[in-house]
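Peer 1: got a predicted structure plus its sequence, pasted below:
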Amino acid sequence: MKNGTLSVVLLLVAVSVIVTVINIAVQHFTQDYVTETALLSVGSDSELVQGVFIRNEKVITYNGKGVISYEVSDGGKLGIGSTIANVYSSETQIGIKQRIAALEKEYSLLERISNPGTAKTAQPSNLSELFTEHYKDFLYHREQGNLSVLPEQSDEMVVLLSTYQLVTGQDGGYDKKMLEIRAEIEALQAQQETPLDTIPAEEAAYFVSYADGYEDKLNMDMLDTITPQMLAKIEDHPSNENGVVGKLIDSYQWALACVVDNSEKIYQQGDRVTLKFASTSEKVRGNILSLTAGVSPKQTVAVIMCDAMTHDLVQHRTDTVEIIRGEYQGILVPRSALHFKEVENEEGRMETVRGVYILSGEQPEFRRLKVKYEGSDYVISEQTTDRSCLMLYDSIIMKGIDADGQ
């Protein structure tokens, strides 16, 4: 009896093992799912257009002899009587001036590194952590295209690394180097000449070092007369010919004019929008001042008022711009993964809902979507902890599920 019972048990175990192996093999060969991890993303409700910058501008010219050296960068603010530029006898003098500025910057960095208080209190581990943080920030800004902050980040890394070398005894100090720099500065200063002339700002304004011929044609007083045909003819061609030194912009406020499709009334006067330009990583907030329909609502002139003034924003007359009406963060789901299924709601009634199938273990399971935004080829679903809904890091089945969820 005992041997018979044992044989039956062993037979059942063997059958169970065989069935399990067959089931795994069938799942492997018949359910060839292609999945995609559910990740956070940002969807933009936006439109890409060609925009024209309109500002109140006044051209500055200089007809004297000499070489101009600017004292203010593009987008920089000037007070009444401030120096726009100095005029020198030759390019050599400008080269000397630039070399002195570079050496003084280097000397200032070495002074920071050599500060006795810093060397005594700094700890190698803290310096190492700070350097790593600045390095990560540097990479982030580089990837984002924020190039204007990279020199400052680079300087900070130089200071931290050099201080680390001093504290750990890998470097004996920079006293000799500082003496050499100071001697070179003094030698260059002895070669400097007094400027032949100075070009002052006659009014408080923002400066740009070029003109493009539209300064007397585009201004803030003619915003209500802009047409699509007018905007289509405007081109970007900066120039410094005919004695042009640059131009003054009378205010930090300016307008962007562009043609939008407003046939569905998606834009309203007073709407707050975000502008993202192709030439810079900066995003600028603005208000829609006016909407003027042309022959068709699809050719509506939108004028957007902004109040940001930076170097990058004054480099062009025209630029490709994305008008962002709203941004929505959530889980990005490609439309090709969407399915519809009838499920029982909280009231016990059947309703058709939109969702996706995810791979739970080896089995597909349906998950609802809480859609926040719909793009042309994707939707953004709300991030949630509701397990009946799609959750972050779920494996969305992209291929291998038919319309009936099989």
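Peer 2: Perfect, thanks for sending it.

Peer 1: what are the buried residues along the helix or strand that residue 323 is a member of?
Peer 2: Following DSSP states H and E, one finds residue 323 within strand 318-334. By neighbour count on 16 or more other CB atoms under 10 Å, the buried set for strand 318-334 is 318-319, 321-324, 328, 330-333. (C-beta placed from N, C-alpha, C; glycine too.)

Peer 1: now do the same for the spatially most central residue of the chain: its pLDDT.
Peer 2: With the centre of the chain defined as its mean C-alpha position, the nearest residue by CA atoms, centre = their mean is residue 281, 3.8 Å away. The per-residue pLDDT reported for residue 281 equals 80.

Peer 1: quick one, helices of the stretch 201-350 of the chain?
Peer 2: Secondary structure of the stretch 201-350 of the chain (DSSP state H, counting those that start in this stretch): helices located at 228-233.

Peer 1: can you map out the strands along it?
Peer 2: For the stretch 201-350 of the chain, the strands defined by DSSP state E, counting those that start in this stretch cover 205-208, 244-249, 254-260, 272-277, 283-293, 300-306, 318-334, 339-344, 350-360.

Peer 1: who wins for proximity to residue 91 among the ones you listed?
Peer 2: Among the strands of the stretch 201-350 of the chain, strand 244-249 comes nearest to residue 91, with 16.6 Å by CB to CB.

Peer 1: what pairs with that closest one, parallel or antiparallel?
Peer 2: strand 57-61 (antiparallel), strand 205-208 (antiparallel) (DSSP bridges).

Peer 1: including distance to residue 36, mean neighbour count and mean pLDDT, could the ones you listed go into a markdown table?
Peer 2: Output for these, formatted as a markdown table (distance: least, CB to CB, whole Å; neighbours: other CB atoms under 10 Å; pLDDT from 0 to 100):
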| stretch | distance to residue 36 | mean neighbour count | mean pLDDT |
| --- | --- | --- | --- |
| strand 57-61 | 50 | 19 | 96 |
| strand 205-208 | 47 | 24 | 96 |
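
Peer 1: to residue 131, which of those lies closest?
Peer 2: strand 205-208 (36.3 Å).

Peer 1: before we move on, the earlier item: residue 136: which of the strands paired with strand 244-249 is closest?
Peer 2: When the strands paired with strand 244-249 are compared (using CB to CB), the closest one is strand 205-208, at 33.5 Å.

Peer 1: what's next to that closest one, contact-wise?
Peer 2: 57-58, 72-78, 84, 201, 246-252, 309, 314 (CB atoms under 8 Å, 6 or more residues apart in numbering).

Peer 1: which strands and helices lie in contact with the strand or helix carrying residue 111?
Peer 2: Using DSSP H and E, residue 111 sits within helix 91-114. Packing partners of helix 91-114 (3 or more CB pairs under 8 Å, 6 or more residues apart in numbering; DSSP states H and E): strand 67-70, helix 150-167, helix 175-191.

Peer 1: which intervals of the protein have sub-threshold pLDDT?
Peer 2: In the predicted model, the chain carries pLDDT under 70 at residues 1-31, 116-122, 143-148, 167, 169-172, 402-406.

Peer 1: please redo it, this time with the cut-off set to 50
Peer 2: Filtered on pLDDT under 50, the chain yields the residue ranges 1-2, 8-9, 13, 19, 25-30.
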